[in-house]
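Chemist: Quick one, what's the 3D model for this:
(one chain, ligands or ions: 3)
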Amino acid sequence: MHFGLILGDQLHHQLATLKYLDRSEDVILMAEVLEESTYVAHHPQKIALIFSAMRHFAKELKAQGWRVRYHAFNRNSEIKKLIHFVQAQHQLLPATALIITQCGEYRLQHEIESNWSIQLQLPVHCLDDDRFFCSSMQFRQWAGKYKTLRMEYFYREMRKQTQYLMQGQQPIGGQWNYDSANRKRWSGNPPLPALLKFEKDQIDADVIELVKREFPQHTGHLNHFHWATTRSNALLALNHFIKNSLPNFGDYQDAMIYGVDYLFHSALSPYLNCGLLMAKEVCDAAEAAYYTGHAPLNSVEGFIRQILGWREYVRGIYWVNMPEYANRNTLQHVTPLPQYYWTGRTQMACMTECFRNTFEHAYAHHIQRLMVTGNFALLSGVQPQQISEWYLAMYADAYEWVELPNTLGMVMHADEGLLASKPYAASGNYINKMSDYCKHCYYNVKTKTEPDSCPFNSLYWYFMIKNEKFFRSNTRMRMTYQSLDKMQNKEQIVAHAEDLLSRLDEL
Ligand code: FAD
Ligand code: DLZ
Ligand code: SF4
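Modeler: Ligands and ions are numbered 1, 2, ... in the order given. Predicted coordinates:
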């Protein structure tokens, strides 16, 4: 008899472990444990989503005839780590092997590979996670062919492999990428889709109570919890997105609006990452919407690129470069993360608005993460590991394989440009162009060195001056340095930025 351990982000009926095991003989183990729920201070909604989805999944497995041993969260129990639960079950009912599908985080994968078999006195077999379009092995082979890696080239390979939006070897429409058509500002039209909220059942209600009781000190609210916690509801969320938001997804992908939580984004990442949805079925549904004429090419290509391109690419980067990747800090940033990342209290309206979204929903869309909270951390020189921990804690979709390359690579440019060829640094002007946040702000986005000037402005130029040795020779940043060279009041900007940095927590 084998044990199959299924983790909180592996909740799919076609998981490699389940395909490998025999339901008439083998036993499935699942456990809610202290270590997994506190290795960072996860947002309470993230914990609630995972616990509730785990409980629903275990129930579905039992209904299908699997023998399931489930450990519900109990802070006082001896079972604090996943291995403790396997150990306890192995003592009760000795197994011949433990089967597991590759974990999403190096931390746990490494612990399993290096210790478990000896500690448990049990062979441990680790299966490839085949929920992705590109295996870690395939990515390694692809990456081995290039001196410099670029997502765009990886994405083209994946388009050819999967044949999404392709005519033979050529992209439909003649272009691989419609990013330049995806930058409209939104000012009230087209109307936003209604928010899909799921009725809570008894399992959801029990878990929400438990999380409220057990994790009161974790940042984030539980009262807005409306995530799907079953596969059938996650499929409803997918259909809702395809029908109501995908047609406008492309045009407004980069827009941000005060008080608007999701715009035309899908909010499907928590389901994709915990297993309730498969990447392939999501991309299939989007592609079908193009072929039926329901959604335009810039939306469908843009959406598929995020999943087939970025999501797979960052996963590849993670597994090829861990564990040393996590410690990189190319720009040698050491500033502690300002307190307002946890309290939301700052006078910068763009930041308070992204924090509000985050705390209320364990969600913020990509541009909010990249160009507001991320951009600010980059410009103010926050230590990459501290801001990485914040993203890992705050979002319902956050697992290290996807969070770390996005934060450390894309946002903080801490990986020597491995992931992105130039930093996504921007002044307040970009935020003002893509949002209406500045209208609600104490600071003035139009000035740089006045007492009430937008902090992003002087910090942006200060960042360029401080890091000149890294970026001046970068051809993609030529215009930035040409503008800097023409600038009259550089000393004033430096002085202003240094003053802001000396009282970063008060902004
Ligand atoms: P949509 O805009 O609807 O996009 C569709 C899907 O594409 C997403 O559901 C997601 O699966 C995928 N996707 C889009 N962009 C990316 C990307 N850059 N990398 C990987 N997948 C992408 N995404 C996570 O899933 N987990 C994380 O922990 C995470 N951390 C991030 C941290 C930072 C600093 C930044 C800048 C981005 C991070 N992202 C992360 C990527 C992206 O912001 C989220 O995937 C996206 O906001 C999820 O919202 P959505 O489902 O509405 O996405
Ligand atoms: C994120 C998370 C949390 C909060 N709790 C659990 C848990 O109690 N049990 C579990 O199996 N998984 C949990 N997870 C997801 C794991 O942290 C995730 O599977 C690993 O980090 C590997 O990706
Ligand atoms: Fe953000 Fe600056 Fe605009 Fe205020 S003025 S919302 S700080 S970009």
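Chemist: in the helix or strand where residue 285 lies, what's buried?
Modeler: Taking DSSP states H and E as the criterion, residue 285 maps to helix 279-291. Judged by neighbour count (16 or more other C-beta atoms under 10 Å), helix 279-291 contains these buried residues: 279, 282, 283, 285, 286, 287, 289, 290. Any C-beta I mention is one placed from the backbone N, CA and C, and that applies to glycine too.
Chemist: If we check ligand 1, which of these are in contact?
Modeler: Among the buried residues of helix 279-291, not one lies near ligand 1 by C-beta under 6 Å from any ligand atom.
Chemist: Just send these back as JSON lines, with pLDDT too.
Modeler: What follows is those, written out as JSON lines (pLDDT from 0 to 100):
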{"residue": "279", "pLDDT": "98"}
{"residue": "282", "pLDDT": "98"}
{"residue": "283", "pLDDT": "98"}
{"residue": "285", "pLDDT": "98"}
{"residue": "286", "pLDDT": "98"}
{"residue": "287", "pLDDT": "98"}
{"residue": "289", "pLDDT": "98"}
{"residue": "290", "pLDDT": "97"}
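Chemist: what residue ranges in this structure score low on pLDDT?
Modeler: 181 (pLDDT under 70).
Chemist: Which helix in it has the most residues?
Modeler: Using DSSP state H to define each element, the chain has its longest helix at helix 44-63.
Chemist: surely residue 30 meets residue 59?
Modeler: No. Residue 30 is beyond contact range of residue 59, at 10.7 Å (criterion: C-beta atoms under 8 Å).
Chemist: centre of the chain versus the helix holding residue 285, how much separation?
Modeler: 21 Å (C-alpha atoms, centre = their mean, to the nearest Å).
Chemist: what about the nearest residue to residue 477 once chain neighbours are set aside, how many residues close to it?
Modeler: Excluding its sequence neighbours, the residue lying closest to residue 477 (C-beta to C-beta, 6 or more residues apart in numbering) is residue 471, at 4.9 Å. As a burial measure, residue 471 scores 21 neighbours (other C-beta atoms under 10 Å).
Chemist: Now do the contacts for residue 471.
Modeler: 422, 423, 464, 477, 480, 481 (C-beta atoms under 8 Å, 6 or more residues apart in numbering).
Chemist: for residue 478, same thing?
Modeler: Contacts of residue 478 (C-beta under 8 Å, 6+ apart): none.
Chemist: Restricting to C-alpha, output the helix or strand harbouring it in CSV.
Modeler: Element membership for residue 478, per DSSP H and E: helix 478-486. This file holds the C-alpha atoms of helix 478-486, laid out as CSV (Å, rounded to 0.1, in the frame of the first residue of the first chain):
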residue,chain,number,x,y,z
ARG,A,478,19.2,55.5,-23.7
MET,A,479,16.4,58.0,-23.7
THR,A,480,16.2,58.1,-19.9
TYR,A,481,19.9,58.9,-19.6
GLN,A,482,19.6,61.5,-22.4
SER,A,483,16.9,63.2,-20.4
LEU,A,484,18.9,63.0,-17.2
ASP,A,485,21.9,64.6,-19.0
LYS,A,486,19.8,67.6,-20.0
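Chemist: Leaving out sequence neighbours, find the closest residue to residue 443.
Modeler: Spatial nearest neighbour of residue 443, excluding adjacent residues (C-beta to C-beta, 6+ apart): residue 454 at 4.5 Å.
Chemist: host element of the nearest residue to residue 122 once chain neighbours are set aside?
Modeler: Leaving aside its sequence neighbours, residue 122 sits nearest to residue 98 (C-beta to C-beta, 6+ apart; 5.4 Å). Using DSSP H and E, residue 98 sits within strand 97-101.
Chemist: Sheet-wise, list the partners of that strand with their directions.
Modeler: Next to strand 97-101 in the sheet, as set by DSSP bridges, lie strand 2-5 (parallel), strand 124-127 (parallel).
Chemist: Go through those and pick out the most buried.
Modeler: Scoring the strands paired with strand 97-101 by mean neighbour count under mean count of other C-beta atoms under 10 Å gives strand 2-5 as the most buried, with a mean of 24.
Chemist: returning to what we had before: summarise which helices and strands whichever helix or strand comes after the helix holding residue 478 is packed against.
Modeler: Counting by DSSP H and E, the next helix or strand C-terminal to helix 478-486 is helix 490-502. Where contact means 3 or more C-beta pairs under 8 Å, 6 or more residues apart in numbering; DSSP states H and E, helix 490-502 is packed against helix 455-466.
Chemist: quick one: contacts for residue 51?
Modeler: Neighbours of residue 51 in contact, by C-beta under 8 Å, 6+ apart: 8, 32, 73, 207, 210, 211.
Chemist: repeat that with 10 Å
Modeler: Contacts for residue 51 (C-beta atoms under 10 Å, 6 or more residues apart in numbering) come out as 8, 32, 37, 72-73, 203-204, 206-208, 210-211, 214, 229.
Chemist: ok, of these, which come out buried?
Modeler: 8, 32, 37, 73, 203, 204, 207, 208, 210, 211, 214, 229.
Chemist: Nearest to residue 20, out of those residues: which one, please.
Modeler: Of all the buried ones among the contacts of residue 51, the one sitting nearest residue 20 is residue 8; the distance, using C-beta to C-beta, is 19.3 Å.
Chemist: how about residue 204, phi and psi?
Modeler: phi -60, psi -50 (degrees, to the nearest 10).
Chemist: how about the nearest residue to it, chain neighbours excluded?
Modeler: Nearest residue to residue 204, sequence neighbours excluded (C-beta to C-beta, 6+ apart): residue 52, at 5.1 Å.
Chemist: Return the set of buried residues in the helix holding residue 478.
Modeler: Taking 16+ other C-beta under 10 Å as the criterion, helix 478-486 shows 480, 481, 484 as buried.
Chemist: quick one: the helices in the stretch 101-250 of the chain?
Modeler: Taking DSSP state H, counting those that start in this stretch as the criterion, the stretch 101-250 of the chain carries its helices at 106-111, 117-120, 136-143, 151-162, 202-214, 231-244, 246-249.
Chemist: The residue nearest to residue 122: neighbour count?
Modeler: For residue 98, the neighbour count with other C-beta under 10 Å is 24.
Chemist: hang on, it packs against residue 3?
Modeler: Yes. Counting by C-beta atoms under 10 Å, residue 98 touches residue 3, with 4.8 Å between them.
Chemist: Report the set of residues contacting both of the two.
Modeler: Counting by C-beta under 10 Å, 6+ apart, the residues touching both residue 98 and residue 3 are 17, 29, 86, 89, 90, 120, 122, 124.
Chemist: can you give me phi and psi for the fourth one?
Modeler: Backbone geometry at residue 89, expressed as degrees, to the nearest 10, gives phi -70, psi -40.
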